[in-house]
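**Student:** only the shape, not the letters, is given here:
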């Protein structure tokens, strides 16, 4: 039997990180993570996450290693001083080619009442995810970018007909206006950033002309995302955020769905910790998912969690 000794800082795991993305973690698991980091010091963050997934047998039901979720979990451990990760490599803004499928549909122009009920369907299997990526890459102004961390991708549907796509994924690392509005310190943000989720894609297909479809889809997502996130990742976020490019849009759909406009960004990327990347200014919108969201984000109340099956 291999005895793992937890060297370094004598800190215990708090309850917030004992369960993450469908897996429970023990003190022995943490010792194994630290042992892996020490034994293989030259691994990059992604390589380290892949190795830990293999050692801990951390996989999706389909057998795929949960590398993005492991990366997010490792960041949470580092934020708490429980592990020291390899230095971040500078972002290479390269896009992987996305298979182009012939997806254009017949034009539809209708009153939204004629196509209700609208529903959101999660892209669960590999075929759905391929179709979702192809839609977004071809028809969204930002195209498709490889995601990181926990994320859910939805089709907007009427019956079996697909009308658009939504994605919810990792939130911005540091956002002055948001953090001040919440009342976060830097320490607060590091510990509970995962409870904020970013609406990183919102697409209505160009052949679909249905007034208020985007705002109703956003409102529907805000009502169901906590349960969907609980089911997939074992905890519920409490706040949504998004960014609207003011050079091209006015944020009408978010306003109609009752999102709160806080102001504008400072022109930095979502994960830009060191002021290295310059982007256009965007409007910041937030949407609280429960009345006591601020108490949860400040650590005064626990977030909703379920134990992995």
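**Tutor:** Cool, got the structure. Note that the structure is predicted; figures quoted are calculated from it, not measured.

**Student:** tell me what residue 153 is bridged to.
**Tutor:** With DSSP bridges as the criterion, residue 153 is bridged to residue 167.

**Student:** so where do the strands sit in the stretch 51-200 of the chain?
**Tutor:** For the stretch 51-200 of the chain, the strands defined by DSSP state E, counting those that start in this stretch occupy 108-110, 118-122, 152-158, 161-170, 196-204.

**Student:** same list, these, but as CSV with distance to residue 236 please.
**Tutor:** C-beta coordinates here come from the backbone N, C-alpha and C atoms, glycine included. Below are those laid out as CSV (distance: least, C-beta to C-beta, whole Å):
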stretch, distance to residue 236
strand 108-110, 34
strand 118-122, 16
strand 152-158, 12
strand 161-170, 12
strand 196-204, 10
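
**Student:** can I get the ones you listed in TSV with mean neighbour count and distance to residue 44?
**Tutor:** Shown next, in TSV, are the strands of the stretch 51-200 of the chain (neighbours: other C-beta atoms under 10 Å; distance: least, C-beta to C-beta, whole Å):
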stretch	mean neighbour count	distance to residue 44
strand 108-110	12	46
strand 118-122	16	30
strand 152-158	21	26
strand 161-170	21	18
strand 196-204	22	24
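
**Student:** what's the closest of the ones you listed to residue 178?
**Tutor:** Comparing the strands of the stretch 51-200 of the chain against residue 178 with C-beta to C-beta, the closest turns out to be strand 196-204 (7.7 Å).

**Student:** quick one on the thing from earlier: could I get the strands of the stretch 51-200 of the chain as TSV with mean pLDDT and distance to residue 60?
**Tutor:** TSV is the format used below for these (pLDDT from 0 to 100; distance: least, C-beta to C-beta, whole Å):
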stretch	mean pLDDT	distance to residue 60
strand 108-110	88	34
strand 118-122	96	13
strand 152-158	96	13
strand 161-170	94	16
strand 196-204	94	19
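
**Student:** nearest to residue 141, of those strands?
**Tutor:** Nearest to residue 141, of all these, is strand 196-204, at 9.0 Å by C-beta to C-beta.

**Student:** partners of the closest one, with directions?
**Tutor:** Partners of strand 196-204, by DSSP bridges, with direction: strand 161-170 (antiparallel), strand 239-245 (parallel).

**Student:** now the angle from the first one to strand 118-122?
**Tutor:** Our comparison of strand 161-170 with strand 118-122, counting by axes from the mean of the first three to the mean of the last three C-alpha atoms, to 10 degrees, yields an angle of 60 degrees.

**Student:** angle of strand 161-170 against strand 152-158?
**Tutor:** 160 degrees.

**Student:** renumber starting at 143 from here on
**Tutor:** Sure, I'll start counting at 143 from here, so that last one is strand 303-312.

**Student:** what's the distance between strand 303-312 and the middle of its chain?
**Tutor:** Offset of strand 303-312 from its chain centre (C-alpha atoms, centre = their mean, to the nearest Å): 13 Å.

**Student:** for the strands paired with strand 338-346, which one sits closest to residue 338?
**Tutor:** Across the strands paired with strand 338-346, closest to residue 338 is strand 381-387 (C-beta to C-beta), at 4.7 Å.

**Student:** following the closest one, which helix or strand shows up next?
**Tutor:** Next helix or strand after strand 381-387 toward the C-terminus (DSSP states H and E): helix 394-398.

**Student:** show me what that next one is in contact with.
**Tutor:** 344, 354, 356-357, 360, 384, 386, 403, 427 (C-beta atoms under 8 Å, 6 or more residues apart in numbering).

**Student:** helices or strands next to the helix or strand following it in the packing?
**Tutor:** Counting by DSSP H and E, the element after helix 394-398 in chain order, helix or strand, is strand 402-406. With contacts taken as 3 or more C-beta pairs under 8 Å, 6 or more residues apart in numbering; DSSP states H and E, strand 402-406 sits against helix 318-324, strand 424-430.

**Student:** now the last one against strand 381-387, angle please.
**Tutor:** Think strand 424-430. Using the same axes, to 10 degrees, strand 424-430 lies at 160 degrees relative to strand 381-387.

**Student:** can you tell me the average pLDDT over strand 424-430?
**Tutor:** If you average the pLDDT over strand 424-430, you get 95.

**Student:** go on, stretch 362-381?
**Tutor:** So the average pLDDT for stretch 362-381 ends up being 94.

**Student:** what do you get for stretch 224-236?
**Tutor:** 74.

**Student:** separation between residue 401 and residue 372?
**Tutor:** Using C-beta to C-beta, to the nearest Å, residue 401 is found at 22 Å from residue 372.
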